[in-house]
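Undergrad: Okay, here's the prediction I keep looking at, along with the sequence it came from:
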Amino acid sequence: MDRRRRRHGRSYGRRCGAGRTAARNPPNRTAVTTSHRERRAVSWRPDRGPHAAPEAGQSPWYIPRVDDDIRQAVLSREEVARYLRGVPGLSSDEARERISGYLEEFRTTQRYSVYRNLKHPLYPIFRKIERVPEHIDIVRAATGSQRVIYASNHRSHIDYLVELLVLDDHGIRPPVIAAGINLFNGAMGLLNRYVTGALPIRRNSRDPAYLATLRAYVAELVQRSDLFLYLEGGRSYSGELKPLKTGMLQAVMQARNPDAVIVPVAISYDLVLEDQALIKQGVKRRQRGFSVEVAEMVRLAVGYESRAFVTFGQPILLPDFDPDSRRGLVTLTRRTREAIGKIYKVVPTALISAAMRPSMPRQALIDGIDELLDALRLVGANLDVEHGREAVEQATEPLVLRGVIAVEGERYRVRDRNVLRYYARSLHHLLHDRGTSAFTH
């Protein structure tokens, strides 16, 4: 009887509209009754940025928004205003519509408490990766008083999570990541747009309106948030450190923020999760769906284990470079790439790969690695081991299990020449950097 009475009571309440009234005015949630304009006014704080983590006491779904603020600032910048006045072949209304579409595309939200928990569903992969941070104190000092733009090399799709989890492990405020637009399709697109808050980038766009809008948006974003950039423009399919693209750096310089610094970041793995897939793709001719990439990564994760070294370099002060000078941009780009290359961790798997011949005795391999180490010390490389014997002892088993080399007694033989070359090329920027790569995308 009591159960029936409770059920009838609920039905009666709904018929009388009590349920709707309660839904409109829930107890102890006065923020719901405030207007949309008021919520915007109270949610933004200039010192936190549009993608900052929630403060203590706030809901994990709290979303600071400054979209309208950034939008108006972008539209008022001179390079964008030029397009709004109309250009040959494009009327003022058409230009406004196109730029508005791009601004809407850039509009994302970082729900940081959800983002940081992404490591749990990806635990089968992340439990096999040991994160090894280096010089995290540099970042802690920089974020204490400056706006930080991280500039990292790009080895794997899991860089996005590994590097930001290192920051989170040490209580560093979360930056906004710039990611390729191919990561904004399907379920992964929803995740990036409404959870990670990544900034979608059309890497191959030549539309002047898009490039002007992107540069203006990034320049305004730098005033409000830290940024995390992969300036190579994508993963290297050869293993080399690729030349850096200048577009995003130019946008950062145009922010003219006197407190902005670039912090070089280098990520290095004993084994890259997608090594075999990268080699098979060779030169990337078209974007693949990220769901295809994820499925491939899961397959390659079987038996996979690796360390991930995330090394931070000394900050590069942006005010030291003229934002209106082409020479200033080129100098900053070159200095950033050199800094990333110098702090890149030289791991034993790369040393074996660089010294290896089709077939050679163990002692000859050790001697070859010792010669490499001598050359690397001369250029101030960031070494993981000091002697060739250490490298052979640590890297032989992982490379054998990966099917890259085979060991027969005291003789080492190459099994997968292409993957071996992939790891060997990771040292090219230190040993004989030509400044270009034959395999880029």
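TA: Thanks, I have it. Residues are numbered from 1 along each chain as shown.
Undergrad: Going by C-alpha atoms from here, please, whenever you check contacts or count neighbours.
TA: Noted.
Undergrad: which residues touch the host helix or strand of Leu365?
TA: Per DSSP states H and E: Leu365 is located in helix 362-378. Applying CA atoms under 8 Å, 6 or more residues apart in numbering, the contact partners of helix 362-378 are 351-352, 355-356, 386-389, 391-392, 410-412, 430-431.
Undergrad: which two in those residues are spaced the farthest apart?
TA: Between any two of the contacts of helix 362-378, the greatest separation by CA to CA is 29.6 Å, found for Glu410 and Leu430.
Undergrad: Quick one: buried ones out of the contacts of helix 362-378?
TA: 351-352, 355-356, 387-389, 391-392, 412, 430 (16 or more other CA atoms under 10 Å).
Undergrad: quick one: which of those residues sit in strands?
TA: Of the positions in the buried ones among the contacts of helix 362-378, Tyr412 sit in strands, assigned by DSSP state E.
Undergrad: any chance of the buried ones among the contacts of helix 362-378 in TSV, plus pLDDT and distance to Gly197?
TA: Shown next, in TSV, are the buried ones among the contacts of helix 362-378 (pLDDT from 0 to 100; distance: CA to CA, whole Å):
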residue	pLDDT	distance to Gly197
Leu351	98	37
Ile352	98	39
Ala355	98	42
Met356	98	43
His387	98	43
Gly388	98	44
Arg389	98	45
Ala391	98	40
Val392	98	42
Tyr412	98	47
Leu430	97	35
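Undergrad: Out of the buried ones among the contacts of helix 362-378, which is nearest to Asp324?
TA: Among the buried ones among the contacts of helix 362-378, Leu430 lies closest to Asp324 (CA to CA), at 31.0 Å.
Undergrad: Identify the residues contacting Ser145.
TA: Asp259.
Undergrad: where in the stretch 201-350 of the chain is pLDDT low?
TA: Within the stretch 201-350 of the chain, the stretches with pLDDT under 70 are 282-302.
Undergrad: Could I get the full set of helices for it?
TA: Along the stretch 201-350 of the chain, counting by DSSP state H, counting those that start in this stretch, helices occupy 208-222, 247-254, 275-281, 290-300, 326-343, 348-355.
Undergrad: So for the first one, what gets flagged as buried?
TA: It refers to helix 208-222. For helix 208-222, by 16+ other CA under 10 Å, it's 209-222.
Undergrad: Let me have the residues you listed in CSV, adding distance to Ile343 as columns.
TA: Output for these, formatted as CSV (distance: CA to CA, whole Å):
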residue, distance to Ile343
Ala209, 37
Tyr210, 34
Leu211, 31
Ala212, 33
Thr213, 33
Leu214, 30
Arg215, 28
Ala216, 31
Tyr217, 30
Val218, 26
Ala219, 27
Glu220, 30
Leu221, 27
Val222, 25
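Undergrad: hey, where'd the strands end up in this structure?
TA: 129-134, 147-152, 176-180, 199-201, 227-230, 260-269, 306-312, 316-317, 345-346, 359-361, 382-383, 405-408, 411-414.
Undergrad: quick revisit: alpha carbons of the helix holding Leu365, in PDB - could you do that?
TA: Written as PDB, here are the backbone C-alpha positions of helix 362-378 (Å, rounded to 0.1, in the frame of the first residue of the first chain):
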ATOM      1  CA  ARG A 362      78.300  -8.200 -29.700                       C
ATOM      2  CA  GLN A 363      81.600  -6.700 -28.900                       C
ATOM      3  CA  ALA A 364      81.800  -4.800 -32.200                       C
ATOM      4  CA  LEU A 365      78.300  -3.400 -31.500                       C
ATOM      5  CA  ILE A 366      79.400  -2.300 -28.000                       C
ATOM      6  CA  ASP A 367      82.500  -0.600 -29.500                       C
ATOM      7  CA  GLY A 368      80.400   1.100 -32.200                       C
ATOM      8  CA  ILE A 369      78.000   2.500 -29.500                       C
ATOM      9  CA  ASP A 370      80.900   3.800 -27.500                       C
ATOM     10  CA  GLU A 371      82.100   5.700 -30.600                       C
ATOM     11  CA  LEU A 372      78.600   7.100 -31.000                       C
ATOM     12  CA  LEU A 373      78.500   8.200 -27.300                       C
ATOM     13  CA  ASP A 374      81.800  10.100 -27.700                       C
ATOM     14  CA  ALA A 375      80.300  12.000 -30.700                       C
ATOM     15  CA  LEU A 376      77.100  12.700 -28.900                       C
ATOM     16  CA  ARG A 377      78.900  14.100 -25.800                       C
ATOM     17  CA  LEU A 378      80.700  16.600 -28.100                       C
END
